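A.B. asks: need coordinates for the below:
(chains A and B)
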Amino acid sequence: MSKIFKGRVVLGGNFKGEAVVTHKGLNILASFQKSALKKSKRVICADQNNEELYGRDLTDKIICLPTTIGSTTGGMVLEAVARLGIAPAAMLFSGHIDSLAAAGVILSDVWVNKRIITIDQLGDEFLNTVKTGDVIEIKEDGTIIIE
Amino acid sequence: MGNGMFLTEEEKKILDGEFGETLQKVMKTVVLYGQTFGAKRLVKLDGPVHLVTSFGIPMLTPVFEMMEELIKSNIKAREPFTVDPRPLDYRNVPVSIAKKLIFKVMYGKQKEYEVQLKAVGLKDDNAFTCACYLPEVGNIPKKGDILAWAESSAVVYANSVIGARTNRNSGIIELMSGILGKTPEFGFITDEGRKATWLVEVKTSNLPNPQVLGSAIGMKVVEDVPYIIGLDKFLGLGLSDDTKDYLKDMGAASASNGAVGLYHVENITPEAVEMGRNLLVDGYKSYIIDDEEIKRVINSYPVMWKNINAKPKLCFIGCPHLSINQLYFWTERIIKALENIGQKKLKITTILCAPPDVIDAFKRDEKTYNKLIQTGAKITYICPLMYMNNPLCANEAVITNSNKLRTYSTARFYLDDEILERIVRGY
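C.D. replies: Below you'll find the model as predicted:
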């Protein structure tokens, strides 16, 4: 049976895809930098401190997370992977989006013309429910359906 | 656009594209960013911005493209700005040919990027440091000034030690704000956002190492605001130069081991002096730091070396960059430690990192400078983190007294006394 959650739309859109879930902060620099430096065709998460994400393909995925952490260069790194066409398709935050992720998705949207659909404030229950590999449908109004 | 945010007529015109497409994108970025955090308006900046992006790493293609677009549109920051340290200094931090080849690729866009930085308003050739607020550098805000900075160690210093107001912005957002001369009003810009949600009680028997204390606080409170008590017992009241240096290093550790952007220290930092424990919100959380907790935190640091018994090849001191006071402190300690064992040279290559303007000032004291250099120590303006990003450097046994460098690299952390012992005796 599908479960439905409603969050706040930071950058809206409709998308259906596969979830990748982390219950601790996503370190943007540590996760994306290696693939971006190599100009790889996919982002393979390189953050060894995040056992849930390490080694996983993040390109075109729906990343479900509480927050992002790490260097204040994080926003630019996210923009860089968007420019390379290897960014995640969406980011779904259980809490309020943080300043690094917000900068990253906004810079990608405005300067690179690549939308990373972003919904925040989905609640802890969302992150407790969603599992890596789940198929998620995102709707323009911030509705999230976990199938 | 502008949804929920009041914009002035001029701001609306910029957002509508009346001043060109590029400035429109700058405004759109800042407005969207503000809206995301519930800002009701943009507020005027009282001082120059400080940029985090100082390195021409080819991965950041969109940054170079954006800079080019700004330059073509003749857009620059309203006030000359400072920026984080340069990545390379082959003269004072010599590297092998293999490392140099990698650095050439890693920072292959450095020269072009520095040209771009100048074109959009970089202060001068010496404006490369993470400690832009030091007197010799001169990007010094006043209490209450509204800023838009990004470098995490500078943000936490400006907010806490100076009492200025800046959010912990991501790179590029600070430049956009500098171009507009405005930043969205939310978070640390507001009185409410500066309230403390943690009471941190320091109950150690001696003054704790600032890098470890900051690390403990950062790991516990993460991005929250702590109100710290018990440090005045060791540091005295108010802000002496020594206290400022202590808080600089403590703050950098709290910002990198967590994401602290503001702390208050009872009877020491300006807002704590003014408002005391009224800064604490109802229902604040508590954290006690005693000798045992300090030990626990130090013991929790992983050693990232392949061979944990390797002899160190290099030591970095000065992340964040050293003040002139700290340069003198380390010079004196190194010379005395060598004299004590009848030795003239350090046994491990030791690099002291400081802002270019601080280095220039230190060099003017030729006698002391020469004494330090004669020990084999070197002074550089680079960011050691950027050095350690080179995989060949990361594979080497590097030691440091910086918790920020430890966190973001394979460098191994030691307390100041241990560092001194190791660089002098070579183990």
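A.B. asks: contact residues of chain A facing chain B?
C.D. replies: For chain A, the residues in contact with chain B (C-beta under 8 Å from any C-beta of the partner chain) are A:10, A:33, A:36-37, A:39, A:69, A:71-77, A:79-80, A:82-84, A:97-100, A:102-104, A:106-107, A:109-112. For the C-beta atoms, the positions are set from N, CA and C on the backbone; glycine is no exception.
A.B. asks: quick one: buried residues of stretch B:258-274?
C.D. replies: Across stretch B:258-274, burial judged by 16 or more other C-beta atoms under 10 Å in any protein chain shown covers B:258-266, B:268-273.
A.B. asks: again with stretch A:113-127
C.D. replies: A:114, A:115, A:116, A:117, A:118, A:119, A:120, A:121, A:122, A:126, A:127.
A.B. asks: now those as a markdown table including pLDDT, distance to residue B:209 and secondary structure?
C.D. replies: Shown next, in a markdown table, are these (pLDDT from 0 to 100; distance: C-beta to C-beta, whole Å; DSSP: H, G, I helix; E, B strand; the rest coil):
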| residue | pLDDT | distance to residue B:209 | secondary structure |
| --- | --- | --- | --- |
| A:114 | 97 | 44 | coil |
| A:115 | 98 | 46 | coil |
| A:116 | 98 | 41 | coil |
| A:117 | 98 | 45 | strand |
| A:118 | 98 | 40 | strand |
| A:119 | 98 | 42 | strand |
| A:120 | 98 | 37 | strand |
| A:121 | 97 | 39 | coil |
| A:122 | 98 | 40 | coil |
| A:126 | 98 | 40 | helix |
| A:127 | 97 | 36 | helix |
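A.B. asks: which of these sits closest to residue B:65?
C.D. replies: Here the nearest of the buried residues of stretch A:113-127 to residue B:65, counting by C-beta to C-beta, is residue A:114; it sits at 13.0 Å.
A.B. asks: secondary structure class for the spatially closest residue to that closest one that is not a sequence neighbour?
C.D. replies: Excluding its sequence neighbours, the residue lying closest to residue A:114 (C-beta to C-beta, 6 or more residues apart in numbering or on different chains) is residue A:82, at 4.1 Å. Here residue A:82 takes the helix state, with states given by DSSP: H, G, I helix; E, B strand; the rest coil.
A.B. asks: rounded mean pLDDT for the top helix by length along chain A, please.
C.D. replies: For chain A, the longest helix by residue count, based on DSSP state H, is helix A:99-111. Helix A:99-111 carries an average pLDDT of 96.
A.B. asks: give me the number of residues near the residue of chain B found nearest chain A?
C.D. replies: Of all residues in chain B, residue B:170 sits closest to chain A, at 3.2 Å by C-beta to the nearest C-beta. Using other C-beta atoms under 10 Å in any protein chain shown, residue B:170 is surrounded by 31 other residues.
A.B. asks: can you check residue B:338 too?
C.D. replies: 20.
A.B. asks: confirm it sits in a strand?
C.D. replies: No. Going by three-state DSSP, the assignment for residue B:338 is helix, not a strand.
A.B. asks: what does the stretch 51-200 of chain B put close to chain A?
C.D. replies: Residues of the stretch 51-200 of chain B lying near chain A (C-beta under 8 Å from any C-beta): B:52-53, B:57, B:59-63, B:65-66, B:150-152, B:155, B:167-173, B:187.
A.B. asks: please name the bridge partners of residue B:400.
C.D. replies: Beta-bridge partners for residue B:400, by DSSP bridges, are residue B:316, residue B:413.
A.B. asks: tell me the phi and psi of residue 66?
C.D. replies: Let's take chain A. Backbone torsions of residue A:66, given as degrees, to the nearest 10, read phi -80, psi -40.
A.B. asks: try again with chain B
C.D. replies: Torsion angles, degrees, to the nearest 10, at residue B:66: phi -70, psi -40.
A.B. asks: just checking, it touches residue B:172?
C.D. replies: Yes. In this structure, residue B:66 is within contact of residue B:172 by C-beta atoms under 8 Å, at 7.3 Å.
A.B. asks: next, give phi and psi for the closest residue to residue A:125 other than its chain neighbours.
C.D. replies: Excluding the flanking residues, the one nearest residue A:125 by C-beta to C-beta, 6+ apart is residue A:5, at 7.4 Å. Backbone torsions of residue A:5, given as degrees, to the nearest 10, read phi -130, psi 160.
A.B. asks: strands of the chain, start to end?
C.D. replies: Going with chain A. A:3-6, A:8-11, A:15-21, A:26-27, A:62-65, A:68-69, A:90-93, A:117-120, A:135-138, A:143-146 (DSSP state E).
A.B. asks: let me rephrase: I mean chain B.
C.D. replies: B:42-44, B:50-51, B:82-83, B:182-184, B:196-202, B:226-229, B:264-265, B:280-289, B:314-317, B:349-353, B:378-380, B:398-400, B:412-413.
A.B. asks: most neighbours per residue, which of those strands?
C.D. replies: strand B:50-51 (a mean of 30; mean count of other C-beta atoms under 10 Å in any protein chain shown).
A.B. asks: which residues touch that one?
C.D. replies: B:81-84, B:117, B:132, B:139, B:147, B:149-151, B:154, B:171, B:174-175 (C-beta atoms under 8 Å, 6 or more residues apart in numbering or on different chains).
A.B. asks: with adjacent residues omitted, what lies nearest to residue 45?
C.D. replies: Going with chain A. Using C-beta to C-beta, 6+ apart, the closest residue to residue A:45 is residue A:53 (4.2 Å).
A.B. asks: think we crossed wires, I meant chain B
C.D. replies: residue B:181 (5.3 Å).
A.B. asks: state the distance from the residue nearest the centre of chain A to residue B:123.
C.D. replies: Nearest to the mean C-alpha position of chain A, by C-alpha atoms, centre = their mean, lies residue A:91 at 2.9 Å. Look at residue A:91 and residue B:123: by C-beta to C-beta, to the nearest Å, they are 35 Å apart.
A.B. asks: what of residue A:66?
C.D. replies: Computed as C-beta to C-beta, the residue A:66 to residue B:123 distance reads 38 Å.
A.B. asks: ok, the two, which is more surrounded?
C.D. replies: Taking other C-beta under 10 Å, residue A:66 and residue B:123 do not tie; residue B:123 has more neighbours (21 against 17).
A.B. asks: ok, the more buried one - contacts?
C.D. replies: B:48, B:80, B:81, B:82, B:139.
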